[in-house]
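Novice: Sequence below, structure please.
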Amino acid sequence: MLFNSYEFLFAFFPVAIAAYRLLGRSQDGRAAVLLAASIAFYASWDWRFLALLLPSILVNYALGTILRRSMASGRHASADAILVVGVTLNLLVLGVFKYAGFVVANVNTLAGTDYVLARIILPLGISFFTFEQIGFLIDLRRGHPYRLNLLRYAVFVAFFPRLVAGPILRFGEIVPQLQHEDRAPGLAADLAVGLSIFAIGLAKKALLADGISPFVAPSFDAAASGQHLDLFMAWGGALAYTCQLYFDFSGYSDMAIGAARCFGIRFPQNFNSPYKSASIIEFWRRWHMTLSRFLRDYLYIPLGGNRRGKIRRYVNLLITMVLGGLWHGANWTFLAWGALHGTYLMVNHAWDAAASRTRAVAAFRASRAGRGFGYVITFLAVVVAWVFFRAPTFHAGWAVLSGMAGMHGVMLPAAIADPLQPLAPVFAALGVRIGGSGAQFIDTWLWIAALLALAFLAPNTQEILARGHPTLEHPAHKPKRLRWSESPAWAVAAGLTAFLGVLSVTRGSVFLYWQF
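Specialist: Prediction:
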C-alpha cells in the first residue's frame, strides 16, 4: 500500500485517523491503535514480512530490558556483552536478507564457483528499523534513562508513516509523545498542519517527481545497453534524475512528517533544501538528515571522529561514507557513490583547513564569488555522484559520465538547429550533429529548468509551515511570503494542492527510497 495510492488516501489513512481519535482515549489505547494500524499497513505489502519485523521487535526489546537492568546494577561488562550480541544479531539479519546475494555473486566471480543462493525476499524498510534498534541498544548502553514499555517500543519500531523509508528515529524522540494524557485539544491544529504537509508532499511526488521520471530512463537505459550518449542526452538524464530523486525523497519526507502529525506526533526534520548547499559538508547536514545523524553518532564518532589526527579523520570519513553507500544497496555502484562522497568530504575539510591558515583563501570563501563557486561546485559534485547512484552497473555509469564530458560529441534536434541555421558552419566545426526528437529535448530541459528553479529558489515545506511547528526542530528561516496560517485561504490552497496530487497518482509509482 503506497502513500500515493487511492487505497491509502481514501481508505486506510482516514480510517486510521478516525480510529486513533475515537478509540485512543488512553495512552495504551492510542498506542494499541497505532500498532494495529502499522501492522496492517506493513502486512498489506506482504504478510510474510511480519515474520521478521515482529520477532525483531521482541528480541531487541528483551535485549534492551536486560541491558538496562545490567546498567542499573552496575554490571557494565555484562551490558557490553549484551550490546555486542544485540548489534551482531541485527547486522547478521540485515546481512542475510540484504547482502547475502551480493556476497555470493562476488565470490562466484572471484573464485570461479557457481554457488546458488535460495531466493530471499527483502523485507521493506529492513535497513531503517534495523538501524533504529541498533541505535536504541547503543543509547541504553550509553546511559540514556529510557523507560521501557513493550507496546510503546513496538510503536516506535513499527509506526507506519516512517516504517519503510524513514526518517531514522530515536526512541527518546517518539515515545514521550505517546505518553501525553490528552491529545484531543490539539486535534484541529494537528490535522491542519499534518494534512497541509501531506498534501505538499503528495504533489511533490505524484506531480513533480513522477512527472520528470520519463526523462530519466532513456539516458540510463541507453548507457546500460552500450550506446554512446551525446552531451545533452547525458546531462539531460543526469539532471532529470537529480530532480526526480530530490522531489521524490522530499515528497516522501513531507508525507511521513505530515502523516505522523495527524496523530499528534512530530518527527525530526529529514530534508532541508540540500541543493542550496555551498559545500558537501553542508549538503550532508541537509540531505537525509537523520541518516547523517545516525552515521555520525553511531559510526564516525565511535571510529574516533576527528580526535585522532587529520589522517585518521579522513580515513574515518571515508569508511563512514562507504558504509553509508553500502547501506543504500548491495551493489558496487552504491559503494562508489559512498566513496565519492567520502572523498568529497575529505577535500572539503582540507579546503576548510587551508582557509583557516591562508588569508587569501579565507577572503575568497567569504566573498560573493566564493560563495557562488561553492554552490556550483557542490551541485556539480552531487550530480556526478548521483550518476552512480542511479546507474545499474559501473559500465553504464561511466558511459553517462563520458557523455557528460562531451566525449561522444553534441547532438541537437532539427527543431532546435533549424532556427540557428546561420551558425551551421560553427556547429560543423565543433562537431555538433543534428538528430533526435525535438519534443523530447524541449520537454526534458523545460522540466529540468522548472524543477531546479523550485529546488534553488522556493522555500521548503518546513519553512512554509513554520508557524505550525511541523517538526521537532524549529526552522531557522521563515519566508516573508508563502507563510502558512490557519486561514480559509490556506485551507483552499492545501485542498487544491491535494487535488492536483490526487489527480496525478494514477501512475502508482513507488518511492525511490523504498528500495533501501
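Novice: Just the element for Leu317, please.
Specialist: Element membership of Leu317 [criterion: DSSP states H and E] is helix 310-328.
Novice: Now do the helices in the stretch 151-300 of the chain.
Specialist: Per DSSP state H, counting those that start in this stretch, the stretch 151-300 of the chain carries helices over the ranges 171-174, 187-203, 210-212, 217-224, 231-261, 280-286, 289-295.
Novice: what comes up buried for the fourth one?
Specialist: Read it as helix 217-224. 218-220, 222-224 (16 or more other CB atoms under 10 Å). (Each C-beta comes from the backbone N, C-alpha and C, glycine too.)
Novice: Show me the contact partners of stretch 394-405.
Specialist: Residues from elsewhere that reach stretch 394-405, judged by CB atoms under 8 Å, 6 or more residues apart in numbering: 219-220, 223-224, 226-231, 233-235, 237-238, 332-333, 336, 384, 387-388, 391, 408.
Novice: ok, back up a step: and of the buried residues of helix 217-224, the nearest to Phe13?
Specialist: Phe220 (33.4 Å; CB to CB).
Novice: Pretty sure the closest one sits against Gly237.
Specialist: Yes. Proximity of Phe220 to Gly237 meets the contact threshold set by CB atoms under 8 Å, at 5.8 Å.
Novice: residues in contact with Ala40?
Specialist: Shown in contact with Ala40 (CB under 8 Å, 6+ apart): Phe12.
Novice: Over to Glu486?
Specialist: Contacts for Glu486 (CB under 8 Å, 6+ apart) come out as 189, 192, 468.
Novice: Next, find the distance separating the last one from Ala192.
Specialist: From Gly468 across to Ala192, the span is 7 Å (CB to CB, to the nearest Å).
Novice: Send me the helix holding Leu317 as CSV with only the CA atoms.
Specialist: What follows is helix 310-328, C-alpha atoms only, in CSV (Å, rounded to 0.1, in the frame of the first residue of the first chain):
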residue,chain,number,x,y,z
LYS,A,310,43.9,14.5,10.4
ILE,A,311,44.8,11.3,8.6
ARG,A,312,42.7,9.2,10.9
ARG,A,313,39.9,11.7,10.5
TYR,A,314,39.9,11.4,6.7
VAL,A,315,40.0,7.6,7.0
ASN,A,316,37.1,7.7,9.3
LEU,A,317,35.1,9.9,6.9
LEU,A,318,35.8,7.6,4.0
ILE,A,319,34.9,4.4,6.0
THR,A,320,31.7,6.1,7.2
MET,A,321,30.6,7.2,3.7
VAL,A,322,31.5,3.9,2.0
LEU,A,323,29.4,2.0,4.6
GLY,A,324,26.7,4.6,4.2
GLY,A,325,26.7,3.9,0.4
LEU,A,326,26.6,0.1,1.1
TRP,A,327,23.6,0.7,3.4
HIS,A,328,21.7,2.1,0.4
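Novice: May I have the residues that are in contact with the residue nearest the centre of the chain?
Specialist: Geometric centre of the chain, nearest residue: His288, 4.6 Å, by CA atoms, centre = their mean. For His288, the contact set (CB under 8 Å, 6+ apart) comprises 166, 249, 270-271.
Novice: Next one: it from Phe388, what distance?
Specialist: Applying CB to CB to His288 and Phe388 gives a distance of 17 Å.
Novice: Check Leu291 too.
Specialist: With CB to CB as the criterion, Leu291 and Phe388 are 18 Å apart.
Novice: out of the two, which sits in the more crowded spot?
Specialist: Taking other CB atoms under 10 Å, Leu291 and Phe388 do not tie; Phe388 has more neighbours (25 against 22).
Novice: With only the CA atoms kept, save the helix or strand hosting that one in CSV.
Specialist: Using DSSP H and E, Phe388 sits in helix 368-390. Extracted as CSV, the C-alpha positions of helix 368-390 are listed here (Å, rounded to 0.1, in the frame of the first residue of the first chain):
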residue,chain,number,x,y,z
ARG,A,368,30.1,36.6,-3.1
ALA,A,369,32.2,34.9,-5.9
GLY,A,370,33.5,32.3,-3.4
ARG,A,371,30.0,31.5,-2.2
GLY,A,372,28.8,31.2,-5.7
PHE,A,373,31.7,28.9,-6.6
GLY,A,374,30.7,26.8,-3.6
TYR,A,375,27.2,26.4,-4.7
VAL,A,376,28.2,25.5,-8.3
ILE,A,377,31.0,23.0,-7.4
THR,A,378,28.9,21.3,-4.7
PHE,A,379,25.9,20.9,-7.0
LEU,A,380,28.1,19.5,-9.9
ALA,A,381,29.8,17.1,-7.5
VAL,A,382,26.4,15.9,-6.2
VAL,A,383,25.1,15.4,-9.8
VAL,A,384,28.2,13.3,-10.8
ALA,A,385,27.8,11.1,-7.7
TRP,A,386,24.1,10.6,-8.5
VAL,A,387,25.0,9.0,-11.8
PHE,A,388,26.5,6.0,-9.9
PHE,A,389,23.6,6.0,-7.5
ARG,A,390,21.2,5.6,-10.4
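Novice: hmm, who's touching it?
Specialist: 216, 220, 238-239, 241-242, 245, 274-280, 282-283, 328, 333-334, 336-337, 340-341, 344, 363-365, 394, 397, 400-401, 404.
Novice: And stretch 503-516, by the same measure?
Specialist: 2-6, 9, 124-125, 127-128, 164-166, 202-203, 205-207, 209-211, 213, 244-245, 248-249, 251-252, 327-329.
Novice: Can you say which of the helices of the stretch 151-300 of the chain is nearest to Val103?
Specialist: Counting by CB to CB, Val103 lies closest to helix 289-295 out of the helices of the stretch 151-300 of the chain; the figure is 22.0 Å.
Novice: Tell me which other helices or strands the helix holding Leu317 touches.
Specialist: helix 289-295, helix 332-357 (3 or more CB pairs under 8 Å, 6 or more residues apart in numbering; DSSP states H and E).
Novice: These: which one's closest to Leu117?
Specialist: The closest of these to Leu117 is helix 332-357. By CB to CB, the value is 17.9 Å.
Novice: Give the other helices and strands that that closest one contacts.
Specialist: helix 280-286, helix 310-328, helix 359-366, helix 368-390, helix 394-404.
Novice: just the angle between it and helix 394-404, please?
Specialist: For helix 332-357 against helix 394-404, the angle by axes from the mean of the first three to the mean of the last three CA atoms, to 10 degrees is 50 degrees.
Novice: So for helix 332-357, mean pLDDT?
Specialist: Averaging pLDDT along helix 332-357 yields 93.
Novice: Only the buried residues of it, if you could.
Specialist: Buried positions in helix 332-357, judged by neighbour count with 16+ other CB under 10 Å: 332-346, 348-349, 351, 355.
Novice: so is the spatially closest residue to Pro459 that is not a sequence neighbour in a helix, a strand, or just coil?
Specialist: Leaving aside its chain neighbours, Pro459 sits nearest to Pro479 (4.1 Å; criterion: CB to CB, 6 or more residues apart in numbering). Under DSSP: H, G, I helix; E, B strand; the rest coil, Pro479 falls in the coil class.
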